[in-house]
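Asks: with the input below, show me the fold.
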Amino acid sequence: MFDALTDRLGGIFDGLTGRGALTEKEVNSALREIRVALLEADVALPVVKDFIEKVRERAVGEEVIRSVKPGQQVIKIVHDGLVDMLGGENAETGLRVDNPPSVIMMAGLQGSGKTTTTAKVAKRLAERDKKKVLMASLDVRRPAAMEQLAILADQAGDNISSLPIVQGQSPAEITRRALQAAKLGGYDVLFLDTAGRTSIDEQMMAEASEIAKIAQPKETLLVADALTGQDAVETAKRFHERLPLTGLVLTRMDGDGRGGAALSMRAVTGLPIKFLGTGEKLDGLDAFDAKRVAGRILGQGDIVSLVEKAGDQFDQEKAERMAKKMRKGEFDLNDLADQLKQMQKMGGLGGIMGMLPGAKKAKQAMSAANMDDNMIKRQEAIISSMTRKERAKPALLNASRRKRIAAGAGVSVQDVNKLLKMHRQMADMMKKIGKGGMKGMMNALGGAGVSQADLAKMGQGGMGGAGLPGLGGGQLPPGMGGGKKK
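Replies: Numbers count the residues shown, from 1 in each chain. Down below sits the predicted model:
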């Protein structure tokens, strides 16, 4: 979502950080470029004006002029300004779900992803907070809207139910029935998925207001499509005039829009952004954090979110099995397939790289080496084309078997050879780790191109970019490249 803005700001800051001292004229010139970059990203003009003025007050003062690294100081000031624009470090982002059943009302226009978002938030509460959740669809007009929510409730997992459908009831009647069912069923949270329209009209707003009076929701969340730009901001303003909104959820944040709606929404409405929708799947929902989003916009990465995503996908049983194999120095193609699937669940190469510091350079290195998510899918296809015996014992893969596997996966024999080479290098690393413990791991990583500085950072508990050695410098781990582009 923010790639274009990140690239533009990165170019501006590259020009600042290379200088030993900055004059007021140079700072003002950079601020003009930042202003244009924000406007091109579709940030609302009043928001841009306020942001630039606040940054200017600090950026042209003694704090920067006398700084040892003035360019870095300006970047920090811009970062702090973005955090303030997005609601500040201490903005309220959690949901109030005390005194069960707590009612959460979902509002928004048709097509904004409201029903799917309802299921996403419900799944998050059920899994992370161990809440028992009931979902009720109040959309009696859109064909199969109620059935859609019921299907999503089944897909969302345990502790999530949908209110049984009774044809012919009005939204108000369904609301009263849902409240009664939530109380009798001992539910912690009740979600009310209200009806949307293609545009705001009086009938929809009157219906939503009536539901709010009956249900007295603890939270009323507006679901807005981030790709609609300033239209989303205007929608939020008009909804907030008629409904007691308590927060925003921005969907399709994984799209290729300019990101201005996300930056403008908080400043224009004064409402906190609670969640960001990052995909069609039910686990494609991130808690909003102003500091993390600002860091990603400025290319500083978001390691905390990356670790959280890894934690969400963590499988205790598989991890224990993998640990035992590592201690024995074993790593077969089934293990490699598991690693590739894990990477896909975490958002693929692009999603992971976008959360690492220096993401721009990493993505350039990936592009130069023809590395993308399609390459990962091809590698998975290659492994899937092997027999169980071949996956467990790669040494069996002679020339004729490799040719058969290539034909089955729809790739060339060279692609199969590259995958096997990558597996062999990873298996060698596992053997070193198995033999030498922590020392063996350090030696193995050092042999894979990780610098002593990165190893030191790992020893101190930081990632230091060591998880993907060399990517930020335009190089790739041996065997990971997809070959030159033809």
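Asks: pLDDT score for the spatially most distant residue from the centre of the chain?
Replies: Distance from the C-alpha centroid of the chain, by Cα atoms, centre = their mean, peaks at residue 400 (42.3 Å). Per-residue confidence (pLDDT) for residue 400: 94.
Asks: repeat for residue 104
Replies: 96.
Asks: would you list every one of the helices in the stretch 1-150 of the chain?
Replies: Assignment of helices within the stretch 1-150 of the chain using DSSP state H, counting those that start in this stretch yields the ranges 3-17, 24-40, 45-59, 62-65, 70-85, 114-128, 145-156.
Asks: of all the ones you listed, which lies closest to residue 233?
Replies: Of all these, helix 45-59 sits nearest to residue 233, with 9.0 Å by Cβ to Cβ. (C-beta placed from N, C-alpha, C; glycine too.)
Asks: how big is the angle separating that closest one from helix 24-40?
Replies: 160 degrees (axes from the mean of the first three to the mean of the last three Cα atoms, to 10 degrees).
Asks: helix 45-59: which residues count as buried?
Replies: 47-48, 51-52, 55-56, 58-59 (16 or more other Cβ atoms under 10 Å).
Asks: which one in those is the model shakiest on?
Replies: residue 59 (75).
Asks: any idea how far residue 77 is from that one?
Replies: Remark: distance between residue 59 and residue 77 (Cβ to Cβ, to the nearest Å) = 5 Å.
Asks: what's the weakest-modelled helix or strand in the protein?
Replies: Here the helix or strand of the chain ranked lowest by mean pLDDT, DSSP states H and E is helix 452-459, holding a mean of 42.
Asks: now do the buried residues in stretch 270-289.
Replies: 271-279, 282-289.
Asks: before we move on, what about stretch 119-134?
Replies: 119-127, 131-134.
Asks: and which of those residues is nearest to residue 260?
Replies: residue 120 (23.5 Å).
Asks: grab the nearest non-local neighbour of that closest one.
Replies: Nearest residue to residue 120, sequence neighbours excluded (Cβ to Cβ, 6 or more residues apart in numbering): residue 285, at 4.2 Å.
Asks: in contact with that neighbour, which residues?
Replies: Residues near residue 285 by Cβ atoms under 8 Å, 6 or more residues apart in numbering: 117, 120-121, 123-124, 275-278.
Asks: how close does it get to residue 128?
Replies: From residue 285 to residue 128 the distance is 11 Å (Cβ to Cβ).
Asks: do the same with residue 84
Replies: 28 Å.
Asks: then residue 426?
Replies: In this structure, residue 426 and residue 128 are 32 Å apart, going by Cβ to Cβ.
Asks: now swap in residue 390 and tell me
Replies: Applying Cβ to Cβ to residue 390 and residue 128 gives a distance of 40 Å.
Asks: pretty sure residue 205 sits against residue 242.
Replies: Yes. If you go by Cβ atoms under 8 Å, residue 205 and residue 242 touch, sitting 4.7 Å apart.
Asks: overlap in contacts, the two.
Replies: Contacts common to residue 205 and residue 242, judged by Cβ under 8 Å, 6+ apart, are absent.
Asks: phi first, then psi, for residue 273.
Replies: With angles defined as degrees, to the nearest 10, residue 273 sits at phi -80, psi 120.
Asks: OK, contacts around it?
Replies: 86-87, 93, 247-250, 262, 265-266, 288.
Asks: same deal with residue 175?
Replies: So residue 175 contacts 136, 138, 192, 211, 214-215 (Cβ under 8 Å, 6+ apart).
Asks: and the furthest pair within those?
Replies: Top of the distance list for the contacts of residue 175 (Cβ to Cβ): 136 and 214, 12.1 Å.
Asks: more crowded one of those two?
Replies: Per other Cβ atoms under 10 Å, whichever of residue 136 and residue 214 has more neighbours is residue 136, with 28 against 17.
Asks: shouldn't that one be in contact with residue 176?
Replies: No. Taking contacts as Cβ under 8 Å, residue 136 lies outside contact range of residue 176: 10.5 Å.
Asks: quick revisit: hey, least reliable of the helices of the stretch 1-150 of the chain by pLDDT?
Replies: Across these, the lowest-scoring stretch is helix 62-65, with a mean of 55.
Asks: buried set for whatever helix or strand residue 205 lives in?
Replies: Applying DSSP states H and E as the criterion places residue 205 in helix 202-215. For helix 202-215, a neighbour-count test (16+ other Cβ under 10 Å) marks 204-205, 207-208, 211-212, 214-215 as buried.
Asks: can you list contacts of the helix or strand just after that helix?
Replies: Counting by DSSP H and E, the next helix or strand C-terminal to helix 202-215 is strand 219-225. For strand 219-225, contacts defined as Cβ under 8 Å, 6+ apart pick out 95-97, 102-109, 111-114, 117, 121, 212, 232, 235-236, 239-240, 243-252, 261, 265, 271, 274.
Asks: for the helix or strand just after strand 219-225, give the mean pLDDT please.
Replies: Note on strand 219-225: by DSSP H and E, the next helix or strand toward the C-terminus is helix 230-242. Mean pLDDT, helix 230-242: 82.
Asks: about what we covered before: of the contacts of residue 273, which belong to strands?
Replies: 247-250 (DSSP state E).
Asks: who wins for neighbours among these?
Replies: Counting neighbours by other Cβ under 10 Å, residue 250 leads the ones in strands among the contacts of residue 273 with 28 neighbours.
Asks: hmm, that one is touching residue 277, no?
Replies: Yes. Residue 250 is within contact range of residue 277, at 6.7 Å (criterion: Cβ under 8 Å).
Asks: from residue 344, how far out is the nearest residue to residue 34 once chain neighbours are set aside?
Replies: If the residues on either side of it in the chain are set aside, residue 34 comes closest to residue 12, at 6.1 Å by Cβ to Cβ, 6+ apart. According to Cβ to Cβ, residue 12 stands 34 Å off from residue 344.
Asks: and what of residue 298?
Replies: According to Cβ to Cβ, residue 298 stands 27 Å off from residue 344.
Asks: who has more neighbours out of those two?
Replies: Taking neighbours as other Cβ under 10 Å, residue 298 and residue 344 compare with residue 298 leading, 19 against 16.
Asks: let's verify residue 411: helix, strand, or coil?
Replies: coil (DSSP: H, G, I helix; E, B strand; the rest coil).
Asks: could I get the contacts of residue 175 in JSON lines, plus columns for pLDDT?
Replies: Listed next are these as JSON lines, based on pLDDT from 0 to 100:
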{"residue": "136", "pLDDT": "97"}
{"residue": "138", "pLDDT": "95"}
{"residue": "192", "pLDDT": "97"}
{"residue": "211", "pLDDT": "94"}
{"residue": "214", "pLDDT": "95"}
{"residue": "215", "pLDDT": "95"}
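Asks: mind putting the residues you listed into JSON lines with distance to residue 228?
Replies: Below are the contacts of residue 175 laid out as JSON lines (distance: Cβ to Cβ, whole Å):
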{"residue": "136", "distance to residue 228": "27"}
{"residue": "138", "distance to residue 228": "23"}
{"residue": "192", "distance to residue 228": "24"}
{"residue": "211", "distance to residue 228": "24"}
{"residue": "214", "distance to residue 228": "30"}
{"residue": "215", "distance to residue 228": "27"}
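Asks: pLDDT below threshold where in the stretch 301-450 of the chain?
Replies: 301-319, 322-323, 326-327, 329, 346-372, 433-450 (pLDDT under 70).
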